[in-house]
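Visitor: sequence-free structure coming up:
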């Protein structure tokens, strides 16, 4: 997914005539970000149970899903 987004942004940059270097995240970077997102997401889910805030559960779920997607991207990365 990261590579597809970078390709799309390169095309837009070429059309607009700008030169912007996009970062290419490494496997370890994606794995670390995945772990952080998963831990923070789990923390929000636990906070939603303790404080009965629905928004914490939503953000926690999004964080966990983001962590899973990033882990998948990390396995496919170079």
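Guide: Nice, thanks for sending it over. Since the model is a prediction, treat every value here as computed from it, not as a measurement.
Visitor: For this structure, which helix or strand comes out least confident on mean pLDDT?
Guide: helix 2-16 (a mean of 84; mean pLDDT, DSSP states H and E).
Visitor: Please report how far residue 11 lies from residue 23.
Guide: Note on residue 11: its distance to residue 23, by CB to CB, to the nearest Å, is 17 Å. Yep, even glycine has a C-beta here, placed from its N, CA and C like the rest.
Visitor: Any chance of the backbone angles for the closest residue to residue 40 other than its chain neighbours?
Guide: In space, and not counting its chain neighbours, residue 40 is closest to residue 63: 5.1 Å by CB to CB, 6 or more residues apart in numbering. Main-chain dihedrals, residue 63, degrees, to the nearest 10: phi -60, psi -40.
Visitor: quick one: pLDDT of residue 63?
Guide: With respect to pLDDT, residue 63 scores 94.
Visitor: residues touching it, list them.
Guide: Applying CB atoms under 8 Å, 6 or more residues apart in numbering to residue 63 gives the contacts 37, 38, 40, 41, 42, 44.
Visitor: ok, so what distance separates it from residue 36?
Guide: For residue 63 relative to residue 36 (CB to CB), the value is 9 Å.
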